[in-house]
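K.L.:
build the 3D model from these lines:
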Amino acid sequence: MMSFDVLVRDVDGLEDADLARWIANSWVKPDLADGRYVFEEIDIARVHLIYELRQELDVNEAALPVVLLLLDQLYDVRRHLLEIGVAIAETEPVDLHRALQVIAARRSWR
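P.N.:
Numbers count the residues shown, from 1 in each chain. Presented below is the predicted three-dimensional model:
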């Protein structure tokens with residue numbers, strides 16, 4: 001876990017105002033503990049991702065919500081494909097169809 005101040009110091013070039021705006025826009029969703037933000041590993045990775053998109057790939061803030069949404073969807077599909085791969089590897093051929101139906105039922109494939 002990491003505090004707001006430590007995270008800002010950890011990401012070279014990140015400003016307090018940037019991180020505060022990303023939180024206000026719900027692009028990063030840290031926990032609150034004793035009235036202070038606490039960043040878990042996933043939140044820290046998200047901050048690094050957003051910073052890289054902004055600084056290194058020059059994605060402007062107007063486009064950032066769309067880029068983040070698409071990346072979130074891509075990561076979600078990747079997780080589901082990994083689940084399918086595990087199901088295939090761990091399932092007898094006779095039960096494979098049933099196992100894949102269970103996984104697919106947990107997620108609508110729209």
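K.L.:
residue boundaries of the strands in the protein?
P.N.:
Secondary structure of the chain (DSSP state E): strands at 2-3, 31-33, 36-39.
K.L.:
now mean pLDDT, distance to residue 22 and mean neighbour count too, for those strands, in a markdown table please.
P.N.:
C-beta coordinates here come from the backbone N, C-alpha and C atoms, glycine included. Below are the strands of the chain laid out as a markdown table (pLDDT from 0 to 100; distance: least, Cβ to Cβ, whole Å; neighbours: other Cβ atoms under 10 Å):
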| stretch | mean pLDDT | distance to residue 22 | mean neighbour count |
| --- | --- | --- | --- |
| strand 2-3 | 94 | 15 | 16 |
| strand 31-33 | 93 | 15 | 10 |
| strand 36-39 | 96 | 11 | 17 |
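K.L.:
longest helix anywhere in the protein?
P.N.:
Ordering each helix of the chain by length in residues (DSSP state H) puts helix 64-90 first.
K.L.:
could you list the buried residues of that one?
P.N.:
64, 68, 87 (16 or more other Cβ atoms under 10 Å).
K.L.:
cool, stretch 91-100 as well?
P.N.:
Buried residues in stretch 91-100, defined by neighbour count with 16+ other Cβ under 10 Å: residue 99.
K.L.:
quick one on the thing from earlier: will you turn the strands of the chain into JSON lines that also has distance to residue 24?
P.N.:
JSON lines is the format used below for the strands of the chain (distance: least, Cβ to Cβ, whole Å):
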{"stretch": "strand 2-3", "distance to residue 24": "18"}
{"stretch": "strand 31-33", "distance to residue 24": "14"}
{"stretch": "strand 36-39", "distance to residue 24": "12"}
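K.L.:
tell me which of those strands lies nearest to residue 101.
P.N.:
Closest to residue 101 of the strands of the chain is strand 31-33 (Cβ to Cβ; 36.1 Å).
K.L.:
parallel or antiparallel, list what pairs with the closest one.
P.N.:
Sheet pairing for strand 31-33, assigned by DSSP bridges, gives strand 36-39 (antiparallel).
K.L.:
neighbouring contacts of the partner strand?
P.N.:
The contact list for strand 36-39 (Cβ atoms under 8 Å, 6 or more residues apart in numbering) reads 1, 2, 3, 4, 7, 23, 28, 30, 31, 32, 47.
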